[in-house]
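J.: only the shape, not the letters, is given here:
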DNA sequence: TAACGGCCTGTAGTTACTACAGGGTCAAGC
DNA sequence: GCTTGACCCTGTAGTAACTACAGGCCGTTA
């Protein structure tokens, strides 16, 4: 099958496929006489594997690792475990800092309404005060739930 | 003060300051006779404002907006409100998808231990099965809490 | 005079793609 | 025979927000 067909079946962009090939994630396919790439079912399986890993938030280096582990699965189980654990830890960390961020923004947002009567936006004032060196109230929020 | 001093007081990198200047976030300072940048206290306040906004997860375009709103605060309150609301919505969305991701990865991780006796890593097998076209169990998780 | 730290400009690298520019290939329609 | 259109090719530049040089100037100290 040609690249357009693989892109359709793998639900991704043609340019992305060429990118994966350049990055060594997708095996380089045979070429037709005219130079067009000629893919097999194996490439579709590879592609789906890559896209599935990506949809789980793994980066390309992680996907590369997993693909190389596939060559010798019985050896790699510990490393695979570790890789997934690392992902989980990273994402958990991201969630925590985003939750804090959300709380800080809510606080900032509330300062607007709190000082509306002053006909001056409390958000800007809070941000500007922080810049002036005063302790900002949004970042002084307790981290714990 | 020179760029190194501003960087120290603003707790960021010298290169970042030059970058902010290029991007029009930080006003271009006067120059000494030898071409060195010469900053004032105003620049430090500007920089702290920028860094504070950045630490709240705002992008440079948002910071640019806020800085321009500072020129006419009484006019801009509604827009500032909207900007912060947009940030909150975006971050909330991010948190939700990361929480789902975390759950999927936990599930994947558990498949490893579930099939350890088979001396074949369940993670790899689950990922590979998904690539083969089988319904993957990790993505079939219920989205709701 | 040489070494050192700081400063300058300008460019390239990071992630995972995306979006062209400029050109070749092939089948269908006039 | 010619054109149109969809598809393919390579190679390069863009995205966000910096970071990291290369190559060179300025000013002080040993």
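T.: Received the coordinates, thanks. Here the structure is a predicted model, which is why all the values come from computation and not from measurement. Residues are numbered from 1 along each chain as shown, chains lettered A, B, ... in the order given.
J.: which ones are touching the closest residue to DNA strand D within chain A?
T.: Residue nearest to DNA strand D within chain A: residue A:4 (2.5 Å; C-beta to the nearest atom of the strand). Heads up, the C-betas are built off the backbone N, CA and C, glycines and all. Residues counted as contacts of residue A:4 (C-beta atoms under 8 Å, 6 or more residues apart in numbering or on different chains) are residue A:14.
J.: kindly recompute the last result at 10 Å.
T.: A:14, A:17, A:36, A:37 (C-beta atoms under 10 Å, 6 or more residues apart in numbering or on different chains).
J.: now, the residues you listed that are in helices?
T.: A:14, A:17 (DSSP state H).
J.: JSON lines for the contacts of residue A:4, including distance to residue A:61, pLDDT and neighbour count?
T.: Listed next are the contacts of residue A:4 as JSON lines, based on distance: C-beta to C-beta, whole Å; pLDDT from 0 to 100; neighbours: other C-beta atoms under 10 Å in any protein chain shown:
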{"residue": "A:14", "distance to residue A:61": "23", "pLDDT": "96", "neighbour count": "15"}
{"residue": "A:17", "distance to residue A:61": "19", "pLDDT": "97", "neighbour count": "23"}
{"residue": "A:36", "distance to residue A:61": "30", "pLDDT": "96", "neighbour count": "12"}
{"residue": "A:37", "distance to residue A:61": "24", "pLDDT": "97", "neighbour count": "19"}
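J.: restrict the contacts of residue A:4 to those near DNA strand D?
T.: Among those, the ones lying near DNA strand D by C-beta under 7 Å from any atom of the strand are A:14, A:36, A:37.
J.: how about low-confidence regions in chain A?
T.: A:72-76, A:112-145 (pLDDT under 70).
J.: change it to 90
T.: Across chain A, the ranges flagged by pLDDT under 90 are A:49, A:52-59, A:62-145.
J.: over to the residue in it positioned nearest to DNA strand C: give its phi and psi.
T.: Here the residue of chain A nearest DNA strand C is residue A:59; by C-beta to the nearest atom of the strand that distance is 2.9 Å. Main-chain dihedrals, residue A:59, degrees, to the nearest 10: phi -80, psi 170.
J.: quick one: which of the ones next to DNA strand D among the contacts of residue A:4 is nearest to residue B:63?
T.: The nearest member of these to residue B:63, counting by C-beta to C-beta, is residue A:14 at 36.1 Å.
J.: which residue is nearest the middle of chain A?
T.: For chain A, residue A:57 is the residue whose C-alpha lies nearest the centre (C-alpha atoms, centre = their mean; 4.9 Å).
J.: now do the SS call for the residue of chain A closest to DNA strand D.
T.: helix (DSSP: H, G, I helix; E, B strand; the rest coil).
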